[in-house]
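*Asks:* Predicted model and sequence below, questions to follow.
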Amino acid sequence: MSCIQATKAEKEVTKAPIKIEIDPAKRLDELSLRMVSYLEDIPLDSTEIPRTYEKGKLVGTKSKSWTSGFFPGLLWNLYDYSKKHELKDAAIKWQSFVEKEKYDGGTHDLGFKVYCPFGNAYEITGDEMYRDVFVTAAKTLITRYDENIKALRSWDHHADVWQYPVIIDNMMNLEMLFETTIETGDSIYHNIAEQHALTTLQNHFRDDHSSYHVVSYDTLSAKIEMKNTHQGFSHESAWSRGQAWGLYGYAVAYKYTGRKEFLAQANNIADYIFSHPNLPADLIPYWDYNAPDIPNEPRDVSAAAVTASGLFALSKLVDNTKREKYRNLANELLSNLSKEEYQLNVAPFFLKHSVGSIPGKFEVDAPIIYSEYYYVEALKRSLESKSL
């Protein structure tokens with residue numbers, strides 16, 4: 001069980017949603033123009049794909065990193081809204097460095113790396129060469145599925161610690177598999193994604209619907225060997241970005257499968273997040289809901305951005321009462337993220353105060369590229385929700 005248990009009453013969203021009037025179109029206009037100007041300050045370099053900003057300079061990464069797809073994906077999202085050709089041209093150039101990752105069978109992160117840029121590119125342009133890239137990545141990803149364990153292996157590293165680790169983040173890589181079945185007609189991708197979500201649902205969550213970060217399985221018996229964390233405060237704590245991955249991931253899983261238990265879990269995670277006694281008044285969570293020195297702990301803007309985007313996705317799948325509640329909460333998150341205390345104007349970032357890994361001692365209280373990706377995605381979804 002987690003360090004702080006929710007009572008039965010707390011399992012409802014107790015923080016009354018406040019209807020915040022945010023103008024996502026105005027914000028997207030501003031960010032699109034800013035990104036066009038940013039491009040001049042970011043040299044095209046396959047080994048320096050933007051990731052974070054440290055000690056006064058942009059820090060990039062190679063395509064091998066799990067974050068490599070977020071910057072071109074961000075550019076596609078801004079182009080989709082603004083239709084500024086500079087953003088499309090830059091997206092194509094930056095994603096070209098990532099394309100080879102469709103063959104990387106050593107990671108579960110192909111959805112992040114490949115689907116974020118190429119899935120967006122295909123949806124926006126309809127060009128089948130982009131479709132073919134993520135279909136190839138999906139073929140690579142399913143080689144990591146174990147029929148006995150019934151889940152996709154997340155990591156190959158730390159073999160001395162975990163035999164077969166599965167992390168909550170992996171829920172975010174399933175959309176690419178679901179879409180590949182739609183595009184190819186081959187049900188294997190859908191079936192593996194659905195089963196992975198079922199296995200995760202069974203084994204990753206506590207009674208209060210908070211999630212463990214890592215669940216590892218014995219490779220011979222397929223039984224659970226341990227449940228712990230790699231990025232949270234403790235094995236029994238609730239790492240905030242992990243809760244956001246779960247919310248978003250189960251909304252996606254329900255969208256493609258129609259399984260009511262997936263929808264119920266997405267709702268349960270939302271209830272857990274927004275009824276948690278350690279959630280700050282502005283809804284931007286601390287890096288872990290059970291961190292030991294609250295309120296002096298760092299916030300994690302990336303968790304807030306993922307949560308906001310996930311809430312908009314979830315709002316399209318629920319009844320009218322929950323729909324309004326989730327949209328109001330997501331817009332309140334966006335409104336608060338747009339306040340000066342969270343804003344940054346350093347190429348190519350819009351937000352500060354994210355956390356990569358406190359246990360790993362990197363990207364602590366920093367801008368991180370995936371925060372920008374989900375922030376802009378959430379702004380687009382906010383705009384779309386106003387027309388529904």
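*Replies:* Yep, that arrived. Note that the structure is a prediction, hence the values are computed from the model and not measured.

*Asks:* could you pull out the strands for the chain?
*Replies:* 49-54, 57-61, 145-146, 151-152, 165-167, 214-217, 224-228, 343-346, 349-351, 354-357, 362-366 (DSSP state E).

*Asks:* any idea how far residue 113 lies from residue 355?
*Replies:* As judged by C-beta to C-beta, to the nearest Å, residue 113 and residue 355 stand 21 Å apart. To be clear about C-beta, it is placed using only N, CA and C from the backbone, and glycine gets the same treatment.

*Asks:* what does residue 29 give?
*Replies:* Distance from residue 29 to residue 355, by C-beta to C-beta: 29 Å.

*Asks:* Tell me which of the two has more neighbours.
*Replies:* Per other C-beta atoms under 10 Å, whichever of residue 29 and residue 355 has more neighbours is residue 355, with 27 against 13.

*Asks:* where are the low-confidence patches of this structure?
*Replies:* 1-20 (pLDDT under 70).

*Asks:* let's go with 90 and repeat that
*Replies:* 1-22, 157-161, 386-388 (pLDDT under 90).

*Asks:* count of residues packed around residue 347?
*Replies:* Number of residues near residue 347 (other C-beta under 10 Å) recorded here: 15.

*Asks:* before we move on, what about residue 41?
*Replies:* Neighbours around residue 41, by other C-beta under 10 Å: 10.

*Asks:* Surely it and residue 347 touch.
*Replies:* Yes: counting by C-beta atoms under 8 Å, residue 41 does reach residue 347; the two are 4.3 Å apart.

*Asks:* got the residue ranges for the helices in the stretch 1-150 of the chain?
*Replies:* Per DSSP state H, counting those that start in this stretch, the stretch 1-150 of the chain carries helices over the ranges 24-38, 70-82, 85-96, 110, 120-125, 128-141.

*Asks:* Mind putting these into CSV with distance to residue 190?
*Replies:* Listed next are these as CSV, based on distance: least, C-beta to C-beta, whole Å:
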stretch, distance to residue 190
helix 24-38, 32
helix 70-82, 23
helix 85-96, 25
helix 110, 16
helix 120-125, 18
helix 128-141, 10
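
*Asks:* Indicate which one of those is closest to residue 261.
*Replies:* helix 128-141 (23.4 Å; C-beta to C-beta).

*Asks:* Show me which positions of that closest one end up buried.
*Replies:* 130-131, 133-141 (16 or more other C-beta atoms under 10 Å).

*Asks:* Okay, angle between it and helix 85-96 too, please.
*Replies:* Orientation check (axes from the mean of the first three to the mean of the last three C-alpha atoms, to 10 degrees): helix 128-141 against helix 85-96 gives 30 degrees.

*Asks:* okay, helix 128-141 in CSV with CA atoms only?
*Replies:* What follows is helix 128-141, C-alpha atoms only, in CSV (Å, rounded to 0.1, in the frame of the first residue of the first chain):
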residue,chain,number,x,y,z
GLU,A,128,2.2,7.0,-46.1
MET,A,129,6.0,7.1,-45.8
TYR,A,130,5.5,8.3,-42.3
ARG,A,131,3.0,5.5,-41.6
ASP,A,132,5.5,3.0,-42.8
VAL,A,133,8.0,4.2,-40.2
PHE,A,134,5.8,3.7,-37.2
VAL,A,135,4.5,0.4,-38.5
THR,A,136,8.1,-0.9,-38.7
ALA,A,137,8.6,0.4,-35.2
ALA,A,138,5.6,-1.5,-34.0
LYS,A,139,6.9,-4.7,-35.6
THR,A,140,10.1,-4.1,-33.7
LEU,A,141,8.4,-3.3,-30.4
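
*Asks:* Tell me how many other residues crowd the closest residue to residue 171 other than its chain neighbours.
*Replies:* Leaving aside its sequence neighbours, residue 171 sits nearest to residue 249 (C-beta to C-beta, 6 or more residues apart in numbering; 2.6 Å). Applying other C-beta under 10 Å, we find 29 other residues in the vicinity of residue 249.
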